[in-house]
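only geometry, no sequence info:
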């Protein structure tokens, strides 16, 4: 490669970097994590009533992925969302976690409009059980309680509730037993069992 080609390659790389920075500046920022003057009450949500009114969501600001969806879910009610691929099931879930903001409409959980509170206050109070549960590299404790918000007694009670207390008690280190990403250092049977139980915590 001669000097001219080398200079050309360097210039292209630098221009690509500048182009990326300009693109990153156009990315919409998430809403505030916490809105100090409008935080939900302690213990919210307590019953889990969800009211969705005229909710519309768009990925590209031109076509609607959800168009004026209205639904009411009562406290302690179990529902199922059915539909073909692309019908909006995951989009609705994303809207409840505010992974995307609605074009219009509202979602209320126990009477609180989730658009009026910070995303951290919302997301820390919700949980999702994924179709394919995943274990992260770290410890059993970290997989159970990634933010370190619970006592050992609470963790052991949860493990007992899902019939995993004896299994974890036999591990070297117990709650602090090391777990490789995806549970690869456990046997296939152990990893599968632990994943299936942890997914319901």
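Nice, I can see it. Keep in mind that what you see is a predicted model, and the values were worked out from it rather than measured.

any low-confidence regions in this protein?
1, 129-133, 181-201 (pLDDT under 70).

pop the domain breakdown of it in here.
50-123, 138-198 (automatic domain parsing).

relative to the whole chain's centre, how far out is the last one?
Just to be clear, that refers to domain 138-198. Mean C-alpha position of domain 138-198 versus that of the full chain (Cα atoms, centre = their mean, to the nearest Å) differs by 20 Å.

buried residues in stretch 45-61, which are they?
In terms of neighbour count (16 or more other Cβ atoms under 10 Å), stretch 45-61 has its buried residues at 45, 49, 50, 51, 52, 55, 57, 58. C-betas here are computed from N, CA, C, even on glycine.

from the chain's centre, how far out does it sit?
16 Å.

now do the end-to-end distance for that stretch.
31 Å (Cα to Cα, to the nearest Å).

list of residues touching that stretch?
64-76, 88, 91-92, 94-96, 100, 102-112, 125 (Cβ atoms under 8 Å, 6 or more residues apart in numbering).

give me the longest helix you can find in the chain.
Using DSSP state H, we find that the single longest helix of the chain is helix 3-24.

quick check: next helix or strand after that helix?
Proceeding N to C from helix 3-24, the next assigned helix or strand is strand 50-58, under DSSP states H and E.

list just the nearest of the buried residues of stretch 45-61 to residue 172.
residue 45 (39.1 Å; Cβ to Cβ).

picking that back up, could you dump the domains of the chain to CSV with distance to residue 18?
Shown next, in CSV, are those (distance: least, Cβ to Cβ, whole Å):
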stretch, distance to residue 18
domain 50-123, 26
domain 138-198, 35
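
reformat the buried residues of stretch 45-61 as CSV; add distance to residue 25.
Listed next are the buried residues of stretch 45-61 as CSV, based on distance: Cβ to Cβ, whole Å:
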residue, distance to residue 25
45, 36
49, 40
50, 35
51, 37
52, 33
55, 29
57, 24
58, 22
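
wait, which of the residues you listed is closest to residue 170?
For the buried residues of stretch 45-61, the nearest to residue 170 is residue 45 (36.9 Å; Cβ to Cβ).

for that closest one, give its distance to residue 117.
11 Å (Cβ to Cβ, to the nearest Å).

likewise residue 84?
Counting by Cβ to Cβ - residue 84 and residue 117 are separated by 33 Å.

more crowded one of these two?
A count of neighbours by other Cβ atoms under 10 Å puts residue 117 above the other of residue 84 and residue 117, at 21 against 7.

what sits against residue 66?
55, 56, 57, 88, 91, 92, 95.
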